[in-house]
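# I would like the atomic coordinates for the input below:
(one chain, ligands or ions: 2)
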Amino acid sequence: MGKVIGIISIKGGVGKTTTTLNLGAVIAHEFGKKVLVADANYSAPNLGLHLGIVDPKTTMHHVLLKSADIKDAIYEHDDNLHVLPGSLINKRVSPHILKEKLKDIKDDYDIILLDSSPTLNDEILSTMIASDKLLVVTTPDYPTLSTTLRAVKLAKQKKTPIAGLIMNKVKKKKFELTLDDIEETADVPVLAVLPDDVKMLEALSETKHIAEHSPKREIAYEYRHLGSCLLGEDYKDPRFRKKMRSLFKRDFPKHEVNRLQARDNLKANWG
Ligand SMILES: Nc1ncnc2c1ncn2[C@@H]1O[C@H](COP(=O)(O)OP(=O)(O)OP(=O)(O)O)[C@@H](O)[C@H]1O
Ligand SMILES: [Mg+2]
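Numbering: from 1, shown residues only. Ligands and ions are numbered 1, 2, ... in the order given. Have a look, this model is predicted:
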């Protein structure tokens, strides 16, 4: 049965949609898994647009309002990467419906990634309820960290386990919060540190994923590592520096250690 992973934050623009798509693409293309990326941002849906789906006839909107079968709202980007795009929903939808609807297709996928809304209402609850695990996206600044704490608290209240945090748009500047600051405050391990990289915008302008557009960028490797961790699989980083580090088993950054632990937990947990 497919695992549902919700990508959440209670702040706009931190990189939920970007993470959903780029992570989904490496899991589908480089790990050969069947992946569905689904737009659970009901008030500002744009996941489909990132994959060149401009005006889809049937969407998440129709599925949640029960006017279409979920299978009819899924588009094949390629063999392994499928997308369930959204369109505006201006009616109240119970946050329990998404989970119900996903049951019909869970068996068709290895991983389903939900791109959540940042709005603290039924929208984000819908992702929390439907997910087996959550990834919380944050950026290394105080305002975002305070919203990250709220997201963590809410997930705990809803009893959806958090797999870890993703630190995105990291510029390696002195004024930024460090990984330790973030982990200690949120009490959740950081599983990926994604650089702020202008190539991401270049890739987006060409409707490409970063691992396809610039496969050797640090951020592309971080998505691969995160993907393998979520699958409970091993990933051997081909970069010389990383190979040497593995050989001598030293100087592992904290998020790499966290990933190994999370990978083993998930392997046991996913079964
Ligand atoms: N690591 C990165 N480096 C550079 N740009 C990035 C990175 N991650 C995301 N971006 C850019 O930041 C912008 C916001 O990202 P994105 O749309 O993924 O955020 P979001 O959390 O989904 O926002 P919303 O809450 O509004 O849905 C986009 O232009 C995206 O290309
Ligand atoms: Mg988004």
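# List the residues that contact Pro189.
164-165, 183, 255, 258, 261-262 (C-beta atoms under 8 Å, 6 or more residues apart in numbering). Bear in mind the C-beta positions are built from the backbone N, C-alpha and C, glycine included.
# mind listing the strands for this protein?
Applying DSSP state E to the chain gives strands spanning 3-8, 35-40, 75-76, 81-84, 111-116, 133-138, 162-170, 190-195.
# Asp237 is in contact with Lys243, correct?
Yes - under the criterion of C-beta atoms under 8 Å, Lys243 makes contact with Asp237 at 7.0 Å.
# which of those two has more neighbours?
Asp237 (15 against 12; other C-beta atoms under 10 Å).
# Quick check: residues of the stretch 51-200 of the chain near ligand 1?
118, 168-169, 194, 196-197, 200 (C-beta under 6 Å from any ligand atom).
# rerun that using 5 Å as the cut-off
Residues of the stretch 51-200 of the chain lying near ligand 1 by C-beta under 5 Å from any ligand atom: 118, 169, 194, 196-197, 200.
# Can you tell me which of the residues you listed has the most neighbours?
Leu194 leads these on contacts (other C-beta under 10 Å) with 25 neighbours.
# nearest residue to that one other than its sequence neighbours?
Excluding its sequence neighbours, the residue lying closest to Leu194 (C-beta to C-beta, 6 or more residues apart in numbering) is Asn168, at 4.6 Å.
# dump the residue contacts of that neighbour.
14-15, 18-19, 137-139, 194, 196.
# Nearest to ligand 2: which residue in the stretch 101-250 of the chain?
Asp115 (5.8 Å; C-beta to the ion).
# before we move on, what about the stretch 1-150 of the chain?
Thr17 (3.3 Å).
# Name whatever forms a beta bridge with the closest residue to that residue other than its chain neighbours.
Of all residues not flanking Thr17 in the chain, Asp115 sits nearest, at 5.1 Å (C-beta to C-beta, 6+ apart). Beta bridges link Asp115 to Ile7, Asp39, judged by DSSP bridges.
# all numbers from here: first residue = 535
With 535 as the first residue, the last one maps to Asp649.
# Low-confidence stretches in this structure?
Low-confidence segments of the chain, defined by pLDDT under 70: 805.
# which residues of it fall in helices?
Secondary structure of the chain, counting by DSSP state H: helices at 550-563, 581-584, 594-598, 631-636, 656-664, 676-692, 713-720, 732-739, 744-747, 752-765, 774-782, 788-804.
# winner for burial among those helices?
Each of the helices of the chain was scored by mean neighbour count; the highest is helix 550-563, a mean of 26, by mean count of other C-beta atoms under 10 Å.
# Which of the residues of the stretch 585-734 of the chain next to ligand 1 lies at the shortest distance from Ile658?
Distance to Ile658, by C-beta to C-beta, is smallest for Pro652 among those, at 7.3 Å.
# The closest residue to that closest one other than its chain neighbours - how many residues pack around it?
Leaving aside its sequence neighbours, Pro652 sits nearest to Gly546 (C-beta to C-beta, 6+ apart; 4.6 Å). Other residues lying near Gly546 total 12 when counted by other C-beta under 10 Å.
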